[in-house]
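Asks: sequence first, predicted coordinates after that:
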Amino acid sequence: MTTSRIKQAIENNIKPKTIVSVDASTNSLAFAYFVEGKLVKYGKIRFHGADALYKAGDACKKTMKFFKNIEVEAMVIESAIYSNSPKTAMQLSLVQGAIIGSAQVAGIKIIKTITPMQWQNHVGNRLLTASEKQEIIKKNPGKSNSWYKSKERETRKNKTIDFVNKTYNIDISDNDVADAIGVGCYVSDKWNMVFA
């Protein structure tokens, strides 16, 4: 994308031809690469290091190499969500900062974030209803509250995996990669909402 096309795309909210969507954690980057709205490539890049600082450095090196090896005009990353653990929030921020910096150095001109709820609602994975939560309790009586919360998260992760596999006729089981594809699905279908 030329500089003038990028400027025009940003000013006029024109959907880029190539988009990489990202779901980042402290340990990995799950990605989905879309060309003209079609899923072309997906996967996961794992980060290594003794602590969050070294993982951020590894994230920087690995993601910059990845971004330089694909033609990508825009990156959309799932924004960090509130965490009860300040340490986890700080570690995720370090890694996401490294990824965003790498994307900019690699030449990606359009970088946006979206909330988990934006893309989850788009792929039909809204929060569980009270009756769905009751069904989990009914099928698994006598468990702790934390067990039920974990089961609710697992149920929603599986919903996303099922949606992605059916929509794109693929067979993946990694929930992070499924999330990255879900982000990309939303972005490909609703680019104008990314700028809203």
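Replies: Received, thanks.
Asks: can we go C-alpha only for contacts and neighbour counts from here?
Replies: Noted.
Asks: in this structure, which helix is the longest?
Replies: Longest helix in the chain, counting residues (DSSP state H): helix 145-168.
Asks: quick one: mean pLDDT for it?
Replies: Throughout helix 145-168, pLDDT has a mean value of 92.
Asks: can you show me the helices along the chain?
Replies: Along the chain, counting by DSSP H, helices occupy 3-12, 52-68, 86-105, 116-122, 130-139, 145-168, 175-189, 191-194.
Asks: format the ones you listed as CSV; extra columns: distance to Thr18.
Replies: Formatted as CSV, those follow (distance: least, C-alpha to C-alpha, whole Å):
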stretch, distance to Thr18
helix 3-12, 12
helix 52-68, 12
helix 86-105, 14
helix 116-122, 18
helix 130-139, 38
helix 145-168, 17
helix 175-189, 10
helix 191-194, 12
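Asks: tell me the contacts of the residue nearest the centre of the chain?
Replies: Closest residue to the average C-alpha location of the chain: Asp23 at 2.5 Å, with C-alpha atoms, centre = their mean. Counting by C-alpha atoms under 8 Å, 6 or more residues apart in numbering, Asp23 makes contact with Leu29, Ala30, Phe31, Ile77, Glu78, Asp176, Val177, Asp179, Ala180, Val183.
Asks: could you dump those residues into a markdown table and include pLDDT and distance to Lys68?
Replies: Output for these, formatted as a markdown table (pLDDT from 0 to 100; distance: C-alpha to C-alpha, whole Å):
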| residue | pLDDT | distance to Lys68 |
| --- | --- | --- |
| Leu29 | 96 | 15 |
| Ala30 | 97 | 16 |
| Phe31 | 98 | 14 |
| Ile77 | 94 | 17 |
| Glu78 | 89 | 21 |
| Asp176 | 96 | 22 |
| Val177 | 97 | 20 |
| Asp179 | 96 | 23 |
| Ala180 | 97 | 19 |
| Val183 | 96 | 21 |
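Asks: re earlier: buried set for the longest helix of the chain?
Replies: Along helix 145-168, these residues count as buried under the neighbour rule (16 or more other C-alpha atoms under 10 Å): 148, 151-152, 155-164.
Asks: how about stretch 66-73?
Replies: Phe67, Glu71, Val72, Glu73.
Asks: phi, psi for the last one please.
Replies: Its backbone dihedrals place Glu73 at phi -90, psi -30, with angles given as degrees, to the nearest 10.
Asks: quick one on the thing from earlier: tell me the pLDDT of the residue nearest to the centre of the chain.
Replies: Listed pLDDT for Asp23 reads 94.
Asks: next, work out how far apart the residue of the chain positioned farthest from its centre and Ala130 are.
Replies: Centroid-distance maximum for the chain: Gly142 at 34.1 Å, with C-alpha atoms, centre = their mean. Between Gly142 and Ala130 the distance is 18 Å, computed by C-alpha to C-alpha, to the nearest Å.
Asks: got it, and Ser150?
Replies: In terms of C-alpha to C-alpha, Ser150 sits 16 Å off from Ala130.
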